[in-house]
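Chemist: return a 3D structure for these sequence lines:
(one chain, ligands or ions: 1)
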Amino acid sequence: MKGYFITLEGPDGCGKTTVANNLDKKLTELGYEVVHTREPGGIDIAEQIRNVILDPKNTAMDPKTEALLYAASRRQHLVERVFPALEQGKIVICERYLDSSLAYQGFGRKLGLDEVLNVNMFATENTYPDLTIYLDIDEEVGLARLADREFKDRLDQESIDFHHLVKQGYKEVLKRFKDRIKIVDASKDRETVANEALDLIIGLINDSK
Ligand code: TMP
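Modeler: Purely as a prediction, here's the structure:
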């Protein structure tokens with residue numbers, strides 16, 4: 001039996017973790033087995049890679065190195081966590097996946113969408129999510145939500161221009177993968193956002209029956 005691979009995407013401060021926690025709770029109450037995880041990270045080796053990527057001290061990191069490290073952590077996380085859970089028929093809710101690399105490294109770092117996609121196709125053996133929920137928020141509103149966080153990682157510290165490029169990148173990604181990615185307005189209240197996301201997942205499950 002195969003499970004469902006669902007990813008949450010969006011600019012920094014879009015509220016992914018809150019939505020993912022909410023979805024985990026609601027789907028579990030409905031009787032589904034859920035694995036809630038995140039990228040970069042989710043398992044020990046990938047969390048170690050995350051620390052290298054996001055350490056504010058690593059200002060010398062080259063954009064291609066950054067893209068490769070995200071892809072490496074993605075690979076390890078897929079093999080150790082996502083594939084086994086899907087094999088067991090579980091619903092995997094993953095905060096961020098390859099669309100983040102396309103937007104942040106492809107556009108934010110200007111490496112190009114197709115270049116970054118190619119690296120990721122190698123890393124994931126062409127594994128796309130069954131459904132991606134894009135939490136749509138103005139990037140400045142998202143950053144303002146994070147403003148009082150004490151710790152700012154290396155990407156949080158990027159300029160507003162970088163975050164505008166990332167947003168532009170997501171717009172291209174939405175066009176390219178319009179069948180897979182569904183948009184939810186993340187400026188609404190938490191419960192509404194979570195319920196809209198839940199309806200999309202239930203719709204996917206019903207369609208696949
Ligand atoms: P998080 O704050 O959502 O946990 O993600 C950490 C940062 O890493 C966030 O600024 C987005 C960025 N990121 C990329 O640049 N490329 C990627 O492939 C992923 C997964 C995250």
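Chemist: once you drop chain neighbours, what's closest to the residue most central in space within the chain?
Modeler: The centre of the chain sits closest to Arg96, judged by CA atoms, centre = their mean, with a distance of 1.0 Å. Leaving aside its chain neighbours, Arg96 sits nearest to Glu39 (4.4 Å; criterion: CB to CB, 6 or more residues apart in numbering). Quick note: C-beta positions are derived from backbone N, CA and C, even for glycine.
Chemist: number of residues surrounding the residue of the chain at minimum distance from the ligand?
Modeler: The chain approaches the ligand most closely through Tyr104 (3.0 Å), counting by CB to the nearest ligand atom. Tyr104 has 27 neighbouring residues, counting by other CB atoms under 10 Å.
Chemist: before we move on, what about Gln76?
Modeler: Neighbour count for Gln76, taken as other CB under 10 Å: 20.
Chemist: residues of the chain that sit close to the ligand?
Modeler: Residues of the chain lying near the ligand by CB under 6 Å from any ligand atom: Asp12, Arg38, Glu39, Pro40, Tyr70, Arg96, Ser100, Ser101, Tyr104, Gln105, Leu155.
Chemist: at 5 Å instead, please
Modeler: Contact residues (CB under 5 Å from any ligand atom) of the chain with the ligand: Glu39, Tyr70, Arg96, Ser100, Ser101, Tyr104, Leu155.
Chemist: the lowest-mean-pLDDT helix or strand in the chain: what's the following helix or strand?
Modeler: Within the chain, no helix or strand scores below helix 139-146, which has a mean of 92 by mean pLDDT, DSSP states H and E. Next helix or strand after helix 139-146 toward the C-terminus (DSSP states H and E): helix 160-176.
Chemist: what packs against that following helix?
Modeler: Packing partners of helix 160-176 (3 or more CB pairs under 8 Å, 6 or more residues apart in numbering; DSSP states H and E): helix 113-124, helix 139-146, strand 181-185.
Chemist: who's in contact with the second one?
Modeler: Residues external to helix 139-146 that are found in contact with it (CB atoms under 8 Å, 6 or more residues apart in numbering): 10-15, 152, 156, 160, 163-164, 166-167, 187.
Chemist: and those, which of them are buried?
Modeler: Neighbour counting by 16 or more other CB atoms under 10 Å classes Gly10, Pro11, Asp12, Gly13, Cys14, Gly15, Asp156, His163, Val166, Lys167 among the contacts of helix 139-146 as buried.
Chemist: who touches the first one in this structure?
Modeler: This means Gly10. Listed by CB under 8 Å, 6+ apart, the contact set of Gly10 reads Lys16, Tyr134, Leu135, Asp136, Ile137, Gly142, Tyr170, Ala186.
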